[in-house]
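> only the shape, not the letters, is given here:
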């Protein structure tokens, strides 16, 4: 199938509305557009650099946790939550009651991502894995009654208060299983010579068009991108997450997806996707470089000043790279030390400028590893 000749699908008259039936995608894909070639080459180069860098960074899994938190926060914000990265790092009892519902959605997404990434070791990207991830995503939140872990058995729609003023109406539920089976076969089809990034971009578009769940499709569809890149071997570690870019360019993100359905312009969606990969890979490398520079500065210029406390200080630093906002109780529990020792160590970190107190009170104080957090709150261009 030539990308320029692709027909996205057709509209089918239902009772009082028209739903969109996408054409299947499990086929060979070719194109004439030279811009796709140049962007694909640049995206592969930058993604390769990011992958190499992630293998070079010691204890990289420690830092990937923060990438996951950032992705969960940004992907959820696209869907309307208002949780910031700093809030996502808090414990349940540290979150303001009015923000707990959004916070819980982000926590579910973190759990869903971690689960699905770990399961890739034993099962491939599949409808089974996506359903399991979806079930975790929907537990105890606003969508918990919308058949978690199951494809929909009724019609859904995107945008609009009702189906009558919807921006887009996906295919009827009776089409979902067959379309998702075709998508799964496409992602695993080794008999077609389609570059992994092209396959991943088409896969994301198709998933969002099928919209197989009643709720949570955007988040699961964006998770599918990372899962597919790891599963295909393009990434050794799950270090690329595109939601930061998609959130900043939200209107373009939705417009480019919709233009495939309206004008069959799959080429433009692929180009947008490849630019997102290029820019996000570059930022990922910058983040890892910043982490290494910061860790070197702390280890060689600050921790060395603590004398006998150095072993405990190094252990606390390892904690802070995965939990950059802590309380004295957290520190005492993590390091198995007395509250007095924890408070003393925290004071040392405050004096060294590693931690900053962020609550302003005398009790229930929280401390932030601010310099480290800044590396993850820089927005994509």
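Sure, I can see it. Here the structure is a predicted model, which is why all the values come from computation and not from measurement.
> report the central residue of the chain.
When the chain is reduced to its mean C-alpha position, the closest residue under CA atoms, centre = their mean turns out to be residue 71, at 3.5 Å.
> following the one helix or strand that residue maps to, which helix or strand comes up?
Under the criterion DSSP states H and E, the helix or strand holding residue 71 is helix 60-78. Beyond helix 60-78 in the direction of the C-terminus, DSSP H and E gives the next helix or strand as helix 85-88.
> for the stretch 251-381 of the chain, which segments count as helices?
Using DSSP state H, counting those that start in this stretch, the helices of the stretch 251-381 of the chain run over residues 266-297, 310-320, 328-335, 339-351, 370-377.
> the stretch 1-150 of the chain too?
According to DSSP H, counting those that start in this stretch, the helices that the stretch 1-150 of the chain contains are 34-56, 60-78, 85-88, 100-119, 127-137.
> now the ones you listed as TSV including distance to residue 18?
C-beta here means a position set from N, CA and C on the backbone, and glycine is covered the same way. Formatted as TSV, the entries for those read as follows, by distance: least, CB to CB, whole Å:
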stretch	distance to residue 18
helix 34-56	31
helix 60-78	26
helix 85-88	39
helix 100-119	31
helix 127-137	26
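> show me the one of those helices that comes nearest residue 154.
With distances scored as CB to CB, the stretch of the helices of the stretch 1-150 of the chain nearest to residue 154 is helix 127-137 (15.9 Å).
> tell me the mean pLDDT over that closest one?
pLDDT averaged over helix 127-137 equals 96, rounded to a whole number.
> please apply the same query to stretch 345-353.
The predicted model assigns stretch 345-353 a mean pLDDT of 97.
> what's the helix holding residue 71 packed up against?
Taking 3 or more CB pairs under 8 Å, 6 or more residues apart in numbering; DSSP states H and E as contact, the helices and strands that helix 60-78 lies on are helix 85-88, helix 100-119, helix 217-231, helix 243-248, helix 266-297, helix 370-377.
> where does the stretch 251-381 of the chain have low pLDDT?
361-362, 379-381 (pLDDT under 70).
> burial of the closest residue to residue 57 other than its chain neighbours, as a residue count?
Take residue 57 and drop its neighbours on the chain: the residue closest to it by CB to CB, 6 or more residues apart in numbering is residue 288, 5.4 Å away. When counting by other CB atoms under 10 Å, one arrives at 20 neighbours for residue 288.
> same question for residue 293.
For residue 293, which is what you asked about, the neighbour count (other CB under 10 Å) is 11.
> what residues are up against it?
Under the criterion of CB atoms under 8 Å, 6 or more residues apart in numbering, the contact list for residue 293 is empty.
> quick one on the thing from earlier: looking at the helices and strands packed on helix 60-78, which is closest to residue 260?
Here helix 266-297 is closest among the helices and strands packed on helix 60-78 (CB to CB), at 5.1 Å.
> how about that closest one: buried residues?
Neighbour counts using 16 or more other CB atoms under 10 Å place 266-281, 283-285, 287-288, 290-291, 294-295 of helix 266-297 among the buried residues.
> next one: that helix to chain centre, how far?
Between the mean C-alpha location of helix 266-297 and the chain-wide mean there is a distance of 13 Å, by CA atoms, centre = their mean, to the nearest Å.
> and the gap between residue 180 and residue 226?
Distance, residue 180 to residue 226, by CB to CB, to the nearest Å: 19 Å.
> quick one: which of these two has more around it?
Relative neighbour count places residue 226 above the other of residue 180 and residue 226, with 24 against 19, counting by other CB under 10 Å.
> for the more buried one, give its distance to residue 90.
The span separating residue 226 from residue 90 equals 24 Å under the rule CB to CB.
> tell me the contacts of residue 268?
Listed by CB under 8 Å, 6+ apart, the contact set of residue 268 reads 256, 259-260.
> need those residues in a markdown table with neighbour count, can you?
A markdown table is the format used below for the contacts of residue 268 (neighbours: other CB atoms under 10 Å):
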| residue | neighbour count |
| --- | --- |
| 256 | 19 |
| 259 | 16 |
| 260 | 23 |
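> name the nearest of those residues relative to residue 60.
For residue 60, the nearest member of the contacts of residue 268 is residue 256. The distance, counting by CB to CB, is 31.7 Å.
> surely the closest one and residue 270 touch.
No - with contact taken as CB atoms under 8 Å, residue 256 and residue 270 are classed as non-touching, separated by 9.1 Å.
> phi and psi next, for residue 168.
Backbone torsions of residue 168, given as degrees, to the nearest 10, read phi -150, psi 140.
> tell me what it is bridged to.
When bridges are assigned using DSSP bridges, the partners listed for residue 168 are residue 158.
> tell me the spacing between residue 244 and residue 151.
According to CB to CB, residue 244 and residue 151 sit 29 Å apart.
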